[in-house]
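Q: Quick check, what structure comes out for this input:
(chains A and B)
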Amino acid sequence: MSPPPPVRFLDTNLLRSIAGIELKARLLVEGMYASRHRSPDYGYSVEFVDHREYTRGDELRTIDWKMLARTERYYVKRFEMESNMNVVCLLDTSGSMGYVPQDKSRLSKLEYGSYLAAALSHLATHQQDSPGLVTFDTEMREFLPPKQGKRHLFAILSRLEQLSCQGESDLGPTLKRIAQRLNRRGVIVLISDCHSAVESVVDGIRHLMARRHDVVVFHLLDADEVTFPFQSLTSFRDLETTGQLMTDPLRLRKKYLERLAGFREAIKSGCASAGADYRFIDTSEPIETVLRDYLLFRRQRSR
Amino acid sequence: MNFLFPTMLAGLIGMSVPIALHLIAKHKFPIRDFPTLRLLARDERTNVFAMKLIDPLQLFLRLAVLSLLVLAMARLFSGAGSAAAPRNLVVVLDASASMNQTVKNPTGEARIPMLELAVAQARELLREIQPPGQAAVVVAGDRTRVTSALEPGHEAALASLATEGSDTLRATDGAGEGLIHAIGAAANLLRGRREVKSQIVVLTDLRATAFSTRNQKDLESLVRVRSDLGDKLDVVFVDLADAAADNVAITETRVRGGRVKVGDDAHVLATVRNTGSEEQTAKVQLAVGNQPDPNVAQVTLEPGAEAIVDLTTPVNRAVRTVADVRIKEPDSLVADDVSSVPLNVSESRRVLIVNGAGQTAGVDGALASLGQAATETEAPEASTVDGATILRFVLNPGRESGRASGTGIDTTVVPPDAIVSQTLSKFALIVLYDVSSLPAQAMEDIRTFVRDGRSLLIVCSGGASPLQFNRNFYGADPRNPGLSPAQLGNDRELSPALSLTLPRSHHPWLAPYRDPLQGDLSSIHFTKVRDLPAVNEAAKVVLASPDGQPLAVEMPLGRGRVMLLAFGFELERGDLARTRLFPELMWRLVDHLTGHLRVLPPDSLVAVQPAVLDVSEPGFAFATELELTRPEGDPLRLPVTERQTVLIPPLPAGNYQLHKPRAAGAAAGHTRNLTVHLDPRESDMTRVESGPLAEWLGGPVDVIAPADTATLTPRGSEFWRLLVWALAAAYVLEAVSGFLLSARRERLRAAEGQA
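A: From the prediction side, this is the model:
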């Protein structure tokens, strides 16, 4: 038995060199179709799930007569419902997402998030689901409601290609407004660095969860933000507020990392308390890994 | 701990430069966009204008390099330790004549000259000088010489002392320029040398005479250097002399009368002085021409007392030699135990007396008359002795009376007609006594005689005819005067007799008689004199009566001179020939007219002092330069000035000869002896104390014994080797750290540039 081929990740430079986000998305999700998600609902389909004892009100046609013959008890067959699920990616386009990392080979958070959203949309389309896209900063900038079909996918991808970062972010109110626009429940994938007040972020997520959305938070941070590798005296300029701070990174590194860890923990615990999935992403991680891990996580959880 | 160059510590100000660079100049910072700024904003901002030390290690190394460099330049010095500390040493060697006295040799039995001991002490002192210490040597001899300028180490200074037979290291025979001048020169060498201790060590016998010359300029120079260097300058005198010095010195030697004539006794007068501190008995001996006289004079002197010893020796021939006076038993200072003086025994001067009276009396008769006149007090009777005979007798009475001694004047008496048969060049003086006329040839010969530099004495007594005399001898035209300086008048009888009074003139012939003790001219009376109605314009009245009657008139003629006396020496014309003044007056007159009365500068010179000598004597006639033969070395050529003088340069003590330049093997010719003797001040053993020294030198001085010179060496050492190594190490470390930091900075900059 030959060993499994090593997982080959797409080089970010190669990813950049590929023209068209559609192709990028297809490459990213190639081989992941087997892991596509199941519908949380049961319905009429060809995919048998399990048996359940008959109760009053069940349709007679669902009774498994063979089981009745073998066990003399009434069981009904349950089938996985092949639903047309909404998968809406909420992509943060605030200024902080446009941070250019020191290592030029890495993707910016916006690029990373765009590719992630593109890949998910691509997966959803191939899964007969309805992908949607919302970009926002302090306001909701783009809203592409979930629809089926490749044309819609291309529209999403086209929008993702044209994104630029600007403005500040205020996740709480923005998520509330988005939640009001999404009437049908579905999977909400929030791709953001969550640079807002933690309470506001958690509050926004709770609003989405209250509308019975399945909320997944991809917390994107650049490796520079995670490791704070700066050495020399630097004047740091805020990407959103343009405020400046002259400081010695070496002196502040320890405190910074402690605060960042607290921030991440607060977001994570907030998500957990709200019932949302939380996945922290360092942009130095390959996107395929993130996608694969997450899909596996979803699949395992659905079992 | 101390610093040899403390002013260099000002370089520590330079340490502020790297500190400023590390605090301020390195505050260059990039501007970086960052998303998570709110996580930082709660902390204090870094004030870019606030002092913030960066690269402290490199800063430390740079400060270390700078501080070590400054310490090295400031010459960190520790007074602790046994090593000799660097110092600037100027050794002043007293090379005056008194340094020739002998002292006990500290390393042996024999006595050695004090200068030799001083040189040995100087060598010991100088050997201790090692770089960066500097050494110099100043020798205070006849002149102050800086034989070795201030140079690091002792090699050059020792080399200047190691020159064997050097004139510089020989004690002078004079007082020189004095020690104050030498100390001033030494102080000038040390001017501005504030870095290390400076010492002026004077090796001397501390005789007061060495400090007698105190030039204000030297003292001011020393005071200026003292104020400049402060307590970094020490003036130390090393007293080399024995506690009590015995010394008897011959401070002066001279020949009585200045001139000795053949047949006379030469009286050499030596001034002997006890300059020591105890009573001394000196045996003094005379030697003429290196022939010692068997007679030895003995004199006992108290300390400070002096005596004039008359050493007599007969001279029988004309000679120019040197008389040496020597103390037979040498004392501590040998140089002043001998003194020399030129002894010139002159030839006889020949005088031609032309007796116009035509009568020459016998010598015996004249002597009898004069002897009678000299002993009798009453007025003499008329004598048949004519004036020319009296003159002949009085000019050399010893010879005329058959004795050996005499005045050195040879006389020849001839009548006027016989003058043409005489060789006039043999004579120094011609006397025309009562001559009214001469043959024309004789007149011309006499005129040539005078114009060539000889003299003519015309004595007009009662026998001269005014008419003939004036026609033959007097000319009123000043451009073409006759032989007589005045017109002759009639014989005038005086009643009462004319008495002479103190002449108003300053003529050298009569100069001594301005002092009545030398001779009272008022005791001379004349009863008959000749009138001189007119005096030539070029003539000068030498002697006149109180009423203004000229009695003696002198006139230059060519290179010679003519004197006219208006009185005769006959006994009936006055009492001149009877007075005691008469012989001396006549001798002085002959001396004056033959050039022997001139006051010449003494040919006995003081060592190391220049002198001007009159060389107008006939023996040096027409010489443009003279040669001075020295005891050692080649003869000196001395140019003769227009005034017939030569400048004698400073000479060491000894006997010299002045003569015309001559080829080897040529005849000696006219030679004049010069003696140069030790400066008598150098025989003075009076010592000076430290009190006056401090006053003269404008500050404290130390007087130490030769055995204490080791205490002069300051102790301590420098850390320059350690500092240099530490400096090199710090520099290398700084360079390495600088390189590493620079590389790291470049790497960061490159990374940030990419960002």
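Q: Would you map the strands across chain A?
A: Secondary structure of chain A, counting by DSSP state E: strands at A:42-53, A:75-80, A:86-92, A:130-136, A:140-144, A:186-192, A:214-221, A:234-238, A:244-247, A:277-282.
Q: Tabulate those strands (a markdown table), appending mean neighbour count.
A: In this view, the C-beta of every residue, glycine as well, is placed from N, C-alpha and C. Shown next, in a markdown table, are the strands of chain A (neighbours: other Cβ atoms under 10 Å in any protein chain shown):
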| stretch | mean neighbour count |
| --- | --- |
| strand A:42-53 | 12 |
| strand A:75-80 | 17 |
| strand A:86-92 | 26 |
| strand A:130-136 | 27 |
| strand A:140-144 | 17 |
| strand A:186-192 | 26 |
| strand A:214-221 | 24 |
| strand A:234-238 | 19 |
| strand A:244-247 | 18 |
| strand A:277-282 | 18 |
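Q: Any idea which of those has the lowest pLDDT on average?
A: Comparing mean pLDDT over the strands of chain A, the weakest stretch is strand A:42-53, at a mean of 67.
Q: Name whatever forms a beta bridge with B:R672.
A: Beta-bridge partners for B:R672, by DSSP bridges, are B:L658.
Q: Counting neighbours, what do you get for it?
A: Look at B:R672: counted by other Cβ atoms under 10 Å in any protein chain shown, it has 20 neighbours.
Q: Please apply the same query to the one 10 residues further on.
A: Close neighbours of B:E682, defined as other Cβ under 10 Å, add up to 30.
Q: Which residue, other than its chain neighbours, is closest to it?
A: B:A97 (3.6 Å; Cβ to Cβ, 6 or more residues apart in numbering or on different chains).
Q: dump the residue contacts of the residue of chain A found nearest chain B.
A: Per Cβ to the nearest Cβ, A:S96 is where chain A lies closest to chain B, at 3.5 Å. Neighbouring residues of A:S96 by Cβ atoms under 8 Å, 6 or more residues apart in numbering or on different chains: A:K109, A:C165, A:S169, A:D193, A:H195, A:L239, A:E240, B:P35, B:T36.
Q: how many neighbours does the spatially closest residue to B:A95 that is not a sequence neighbour have?
A: Using Cβ to Cβ, 6+ apart and skipping residues adjacent in sequence, the residue nearest B:A95 is B:G141, 3.8 Å away. Neighbourhood size, B:G141 [other Cβ under 10 Å]: 26.
Q: is it true that B:G141 touches B:N100?
A: No - contact criterion Cβ atoms under 8 Å: B:G141 and B:N100 do not qualify, at 11.5 Å.
Q: Show me the common contact partners of these two, please.
A: With Cβ under 8 Å, 6+ apart, B:G141 and B:N100 have common neighbours B:A171.
Q: Dump the helix or strand harbouring B:R320 to PDB, restricted to CA.
A: If you go by DSSP states H and E, B:R320 is part of strand B:319-327. Output in PDB follows, covering the C-alpha atoms of strand B:319-327 (Å, rounded to 0.1, in the frame of the first residue of the first chain):
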ATOM      1  CA  VAL B 319     114.000  93.000  27.400                       C
ATOM      2  CA  ARG B 320     110.300  92.400  27.100                       C
ATOM      3  CA  THR B 321     109.400  89.500  29.300                       C
ATOM      4  CA  VAL B 322     106.900  88.400  31.900                       C
ATOM      5  CA  ALA B 323     107.300  88.500  35.700                       C
ATOM      6  CA  ASP B 324     105.500  85.700  37.400                       C
ATOM      7  CA  VAL B 325     104.600  85.900  41.100                       C
ATOM      8  CA  ARG B 326     103.800  82.600  42.600                       C
ATOM      9  CA  ILE B 327     102.700  81.400  46.100                       C
END
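Q: From the rest of the structure, what touches it?
A: B:248, B:250, B:253, B:255, B:266, B:268, B:270, B:272, B:282-290, B:309, B:311, B:313, B:337-345, B:655, B:671-673, B:675.
Q: Which SSE is immediately downstream of that strand?
A: strand B:338-346.
Q: returning to what we had before: out of the strands of chain A, which gets nearest to B:D331?
A: Among the strands of chain A, strand A:244-247 comes nearest to B:D331, with 96.3 Å by Cβ to Cβ.
Q: Could you look up the SS state of B:S148?
A: Three-state assignment for B:S148 (DSSP: H, G, I helix; E, B strand; the rest coil): strand.
Q: Would you agree it is in contact with B:H154?
A: No - taking contacts as Cβ under 8 Å, B:S148 lies outside contact range of B:H154: 9.5 Å.
Q: Can you check which residues contact both of those two?
A: Joint contacts of B:S148 and B:H154 (Cβ under 8 Å, 6+ apart) are B:A135.
Q: Now the residue of chain A closest to chain B: closest residue in space, sequence neighbours ignored.
A: Nearest one to A:S96, counting by Cβ to Cβ, 6+ apart, is B:P35 at 3.5 Å.
Q: Can you get me a residue count around the one you found?
A: 25.
Q: Looks like it contacts A:Y99 (just checking).
A: Yes - using Cβ under 8 Å, B:P35 is in contact with A:Y99, at 4.6 Å.
Q: between these two, what contacts are shared?
A: Both B:P35 and A:Y99 are contacted by A:K109, A:D222, A:E225, A:L239, under the criterion Cβ under 8 Å, 6+ apart.
Q: what residues are up against the first one?
A: When contacts are counted by Cβ under 8 Å, 6+ apart, A:K109 is found next to A:S96, A:M97, A:G98, A:Y99, A:D193, A:L220, A:L221, A:D222, A:T283, B:P35.
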